[in-house]
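Colleague: Got a sequence here, can you build the structure:
(one chain, ligands or ions: 1)
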Amino acid sequence: MMQPRVVLIEDNAQNRYLVTFLLEQHGYQVSAASDGAAGIALAKQSRPDLILLDIQLPTMDGYAVAAALRAHEPLGDTPIVAVTSYAMPGDREKALAAGCSGYIEKPIDPETFVDQIAAFLTVGRAGDGE
Ligand code: MN
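Modeller: Numbers count the residues shown, from 1 in each chain. Presented below is the predicted three-dimensional model:
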């Protein structure tokens, strides 16, 4: 059984809860970190299928985190999906420039969120019934 593994880097506990809940409901395995340094360590250690990255993080913002993840060769091809604030249009371009594969706007839409994530996943397509 293919269970896509996601590392979630998000400092807001409510958002962590919601995203984890939605993804786990659809068979994803989620491990979360609440700041950039912990998230980078977690991603290096667990080599996930996808990284979901909040841009507004304390200490080290999402752009710096994305650049650090991309600089780590084993994670060079891992999809990194930025979660950007709706109010800040410049976030998206900066996120892509920092190495993110794409972005999802906050607030996330629980109705479409999991489909948005699935679109970034290339693993698990073949032969996985779900
Ligand atoms: Mn945040």
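Colleague: For the residue nearest the centre of the chain, which three-state class applies?
Modeller: For the chain, the residue nearest the mean C-alpha position is residue 52 (0.6 Å; CA atoms, centre = their mean). Secondary structure state of residue 52, per DSSP: H, G, I helix; E, B strand; the rest coil, is strand.
Colleague: For it, which non-adjacent residue is closest in space?
Modeller: residue 8 (4.7 Å; CB to CB, 6 or more residues apart in numbering). All C-beta spots, glycine's among them, are computed from the backbone N, C-alpha and C.
Colleague: So what pairs up with that neighbour in the strands?
Modeller: Beta bridges link residue 8 to residue 32, residue 52 when assigned by DSSP bridges.
Colleague: where's it relative to the ion, distance?
Modeller: 12 Å (CB to the ion, to the nearest Å).
Colleague: Can you give me every residue that contacts that residue?
Modeller: 16, 19, 20, 23, 30, 31, 32, 33, 51, 52 (CB atoms under 8 Å, 6 or more residues apart in numbering).
Colleague: from those, which would you call buried?
Modeller: 16, 19, 20, 23, 30, 32, 33, 51, 52 (16 or more other CB atoms under 10 Å).
Colleague: Are stretch 65-84 and the ion in contact anywhere?
Modeller: No. Stretch 65-84 does not reach the ion (CB under 5 Å from the ion); its nearest approach is 8.1 Å.
Colleague: Need the residues that contact that stretch.
Modeller: Residues contacting stretch 65-84 (CB under 8 Å, 6+ apart): 9-10, 15, 36, 39-40, 43-44, 47-55, 57, 62, 91-92, 95, 98-106, 108, 116-117, 120-122.
Colleague: What residues sit buried inside the helix or strand encompassing residue 115?
Modeller: Using DSSP states H and E, residue 115 maps to helix 113-120. For helix 113-120, the neighbour count (16+ other CB under 10 Å) marks 113, 114, 117, 118, 120 as buried.
Colleague: One more: stretch 67-79?
Modeller: So, applying 16+ other CB under 10 Å, buried residues of stretch 67-79: 68, 69, 70, 75, 78, 79.
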